[in-house]
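Visitor: Give me a 3D structure for the following:
(one chain, ligands or ions: 2)
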Amino acid sequence: MVLSVIVPCYNEQDNVMPFYTQSVEVFDKLRCNYELIFINDGSSDDTLKNLSAICESDTAHTIKVINFSRNFGKEAAIFAGLRECTGDYALLIDADLQQRPEIGCQMYKTLIENTEYDCVTAYQKERKEGAVLTFFKNAFYKIINKIADTHFFAGASDFRILNRKMIDAVLSVTEYHRFSKGIFSWVGFNTFFMPYVVEERRHGKSSWSFIKLFKYAIEGIVGFTTAPLKIAMALGLISAILSAIYSVIVIIQKLAFGINVPGYATIVVLLLFLGGMQLFALGILGEYISKIYIQVKDRPVYIIKEVITNDK
Ligand code: UDP
Ligand code: MG
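Guide: Ligands and ions are numbered 1, 2, ... in the order given. Sure, this is the predicted structure:
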């Protein structure tokens with residue numbers, strides 16, 4: 001197999017059919033052997049039914065439907081797709097037609113024509129989202145690039161194509177908390193960044209709320225840098241030094257000048273401030289410990305219920 005097209009699907013019942021029709025139309029023009037791998041990530045609608053129907057009716061292409069036992073998230077779906085794919089190249093693309101299959105073809109052509117690259121990643125030059133979301137996303141990239149060793153390319157999506165060397169490298173990273181954007185960058189290799197314009201979602205709504213995105217951002221930071229732990233330590237050190245200086249001042253005031261230090265407000269403010277800082281630092285520590293806890297349990301990233309295929 002030359003090209004594997006990997007499509008994570010979560011509640012995409014109305015999108016999978018138009019996606020499939022458009023995809024075969026454009027990928028057929030490439031005149032290469034390709035397979036379509038759909039991952040049904042525990043959808044609660046008719047996504048699986050529609051994917052099975054596609055698989056059954058199409059005899060001209062190789063189609064695989066990996067059906068998860070429940071919803072494990074897009075990261076797990078990408079991992080499963082990369083594991084199951086047999087292509088020399090793997091294209092990751094969403095099922096909602098926000099990422100046009102035509103662009104996927106261009107990415108494939110760019111990669112095979114420029115052998116110095118191992119990956120082509122599509123990125124949004126201009127975000128179509130609201131100003132607030134754009135602000136937070138930009139802030140995330142600024143912060144993480146300041147504190148992490150791994151570089152995160154602003155606006156880069158999971159819409160990318162990798163060659164076999166890079167697929168195998170990504171598969172060698174078996175961690176439970178998979179922050180793909182980071183893993184793709186962490187494994188190294190040469191990536192070509194290609195601007196693209198994201199389309200409107202065809203049907204249904206995005207599964208990303210602001211809270212989910214925020215948690216995802218924290219996941220990325222905790223997954224790729226221990227800087228927050230060091231920041232907590234630095235804050236602790238600074239407050240210890242400041243309090244030592246302040247205690248010397250208070251003792252001198254009392255012994256040398258006999259000034260009675262008016263204490264109530266100072267004590268309450270300091271107590272609350274330091275208590276808050278301690279809890280905050282504990283919270284940061286807790287984030288890392290919880291990740292270690294989940295990781296040492298060594299549970300699989302996803303569980304496959306069945307694989308439906310028309311490949312004999
Ligand atoms: N997706 C998935 N599992 C999930 C959430 C999303 O496989 O738990 C898939 C979804 O079907 C789509 C892609 O991941 O093909 C991107 O999801 P979505 O469109 O909700 O995200 P957005 O485009 O808003 O970033
Ligand atoms: Mg989408």
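Visitor: contacting residues for the residue nearest the centre of the chain?
Guide: The chain has residue 179 as the residue nearest its centroid, 4.0 Å off, counting by C-alpha atoms, centre = their mean. Contact analysis of residue 179 by C-beta atoms under 8 Å, 6 or more residues apart in numbering lists 75, 216, 219-220, 223-224. Any C-beta I mention is one placed from the backbone N, CA and C, and that applies to glycine too.
Visitor: gap between it and ligand 2?
Guide: Applying C-beta to the ion, to the nearest Å, the value for residue 179 to ligand 2 is 18 Å.
Visitor: Look at that residue and report its pLDDT.
Guide: Note for residue 179: predicted pLDDT of 93.
Visitor: Looking at the contacts of residue 179, which are in helices?
Guide: For the contacts of residue 179, the ones inside helices are 75, 216, 219-220, 223-224, with DSSP state H as the criterion.
Visitor: Please pick the buried ones from those residues.
Guide: Those of the ones in helices among the contacts of residue 179 that meet the buried threshold are 75, 216, 219-220, 223-224, by 16 or more other C-beta atoms under 10 Å.
Visitor: Including pLDDT, could those go into JSON lines?
Guide: Output for these, formatted as JSON lines (pLDDT from 0 to 100):
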{"residue": "75", "pLDDT": "95"}
{"residue": "216", "pLDDT": "90"}
{"residue": "219", "pLDDT": "90"}
{"residue": "220", "pLDDT": "92"}
{"residue": "223", "pLDDT": "93"}
{"residue": "224", "pLDDT": "94"}
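Visitor: which ones among the residues you listed come in contact with ligand 2?
Guide: By C-beta under 5 Å from the ion, no member of those lies near ligand 2.
Visitor: Would you check which pair of those residues lies furthest apart?
Guide: Using C-beta to C-beta, the two most remote members of these are 75 and 224, lying 13.7 Å apart.
Visitor: For the longest helix along the chain, name the packing helices and strands.
Guide: What stands out as the longest helix in the chain, according to DSSP H, is helix 264-297. Counting contacts by 3 or more C-beta pairs under 8 Å, 6 or more residues apart in numbering; DSSP states H and E, helix 264-297 packs against helix 210-224, helix 227-257.
Visitor: Show me which residues of the stretch 1-150 of the chain sit near ligand 1.
Guide: 8-10, 12, 41, 71, 73-74, 77, 94-96, 98 (C-beta under 6 Å from any ligand atom).
Visitor: Which one (most neighbours) among those residues?
Guide: Among those, the one with the most neighbours (other C-beta atoms under 10 Å) is residue 12, at 29 neighbours.
Visitor: Just the pLDDT for that residue.
Guide: So, for residue 12, pLDDT stands at 94.
Visitor: where does residue 307 land in three-state SS?
Guide: Using DSSP: H, G, I helix; E, B strand; the rest coil as the criterion, the local structure at residue 307 reads strand.
Visitor: Can you give me the neighbour number for the closest residue to it other than its chain neighbours?
Guide: Once flanking residues are discounted, residue 307 sits nearest to residue 66: 5.5 Å by C-beta to C-beta, 6 or more residues apart in numbering. A count of nearby residues for residue 66, using other C-beta under 10 Å, gives 25.
Visitor: Okay, the residue nearest to the centre of the chain and residue 129: tell me how far apart.
Guide: 20 Å (C-beta to C-beta, to the nearest Å).
Visitor: cool, and residue 91?
Guide: 24 Å.
Visitor: Compare those two (neighbour count), which wins?
Guide: Of the pair residue 91 and residue 129, residue 91 is the one with more neighbours under other C-beta under 10 Å, namely 29 against 13.
Visitor: Not counting sequence-adjacent ones, nearest residue to residue 127?
Guide: residue 134 (4.7 Å).
Visitor: Looks to me like that neighbour is in a helix.
Guide: Yes: Residue 134 forms part of a helix when assessed by three-state DSSP.
Visitor: what residues are up against residue 153?
Guide: Contacts of residue 153 by C-beta under 8 Å, 6+ apart are 121, 123, 185, 191, 193.
Visitor: give me phi/psi at the third one?
Guide: Meaning residue 185. Main-chain torsions, residue 185, degrees, to the nearest 10: phi -80, psi -40.
Visitor: List the buried residues in stretch 207-224.
Guide: Applying 16+ other C-beta under 10 Å to stretch 207-224 flags 216-217, 219-224 as buried.
Visitor: Distance-wise, check residue 130 relative to residue 64.
Guide: 37 Å.
Visitor: quick one: which of these two has more around it?
Guide: residue 64 (22 against 8).
Visitor: who does the more buried one bridge with?
Guide: residue 37, residue 309 (DSSP bridges).
Visitor: got a list of what it touches?
Guide: Counting by C-beta under 8 Å, 6+ apart, residue 64 has contacts 35-38, 55, 84, 307-309, 311.
Visitor: got a winner among these for most neighbours?
Guide: Busiest of the contacts of residue 64 [other C-beta under 10 Å] is residue 38, holding 30 neighbours.
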